[in-house]
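Undergrad: quick one, fold the following:
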Amino acid sequence: MELYRFDAAVGRPISAYGSRFLQVSLTSPEGAVRAACFHLPPGGVIGRHEAATHQLLCVVTGEGWVSGPDGNRIPIAVGRAAFWGRGEEHETGTDTGLTAIVLEGQDLSVWAAPDT
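TA: Predicted structure coming up:
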């Protein structure tokens with residue numbers, strides 16, 4: 001067994017697109033599906049940008065909002081996930097702080113239960 005860290009203390013700051021969060025890669029960038037942990041502090045944001053590939057953001061702590069191409073902010077919290085397809089503009093933010101596991105890849109296939 002091997003143990004790994006993905007807490008904010010080992011994250012690297014991301015500022016592209018006006019973003020303000022820390023990212024910890026969990027898998028190799030060359031894999032078919034990549035995984036990372038995003039730590040958004042209070043007031044943090046993943047700035048509006050176009051998805052380079054399919055993306056699934058899974059909230060594990062905190063709460064915030066997500067938006068798609070229309071820019072409408074939809075609340076998101078622990079136990080919820082947002083999916084964006086390749087080329088889809090999107091953004092994520094939080095007033096109080098949020099941690100999410102993010103999966104990316106063209107082969108990403110979501111089997112989670114729909115949020116109704």
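
Undergrad: direction included, what does the longest strand along the chain pair against?
TA: Once the chain is assigned using DSSP state E, the strand that runs over the most residues is strand 55-67. Sheet pairing here is set by DSSP bridges, and for strand 55-67 it gives strand 74-77 (antiparallel), strand 81-84 (antiparallel), strand 89-93 (antiparallel), strand 98-104 (antiparallel).

Undergrad: between those strands, which one is closest to residue 30.
TA: strand 98-104 (12.3 Å; Cβ to Cβ). Yep, even glycine has a C-beta here, placed from its N, CA and C like the rest.

Undergrad: CA atoms only: put that closest one into PDB for me.
TA: What follows is strand 98-104, C-alpha atoms only, in PDB (Å, rounded to 0.1, in the frame of the first residue of the first chain):
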ATOM      1  CA  LEU A  98     -15.500  24.300  -1.600                       C
ATOM      2  CA  THR A  99     -13.400  21.200  -2.300                       C
ATOM      3  CA  ALA A 100     -14.100  19.000  -5.300                       C
ATOM      4  CA  ILE A 101     -12.700  16.000  -7.100                       C
ATOM      5  CA  VAL A 102     -12.600  16.800 -10.800                       C
ATOM      6  CA  LEU A 103     -12.400  14.100 -13.500                       C
ATOM      7  CA  GLU A 104     -11.500  14.900 -17.100                       C
END
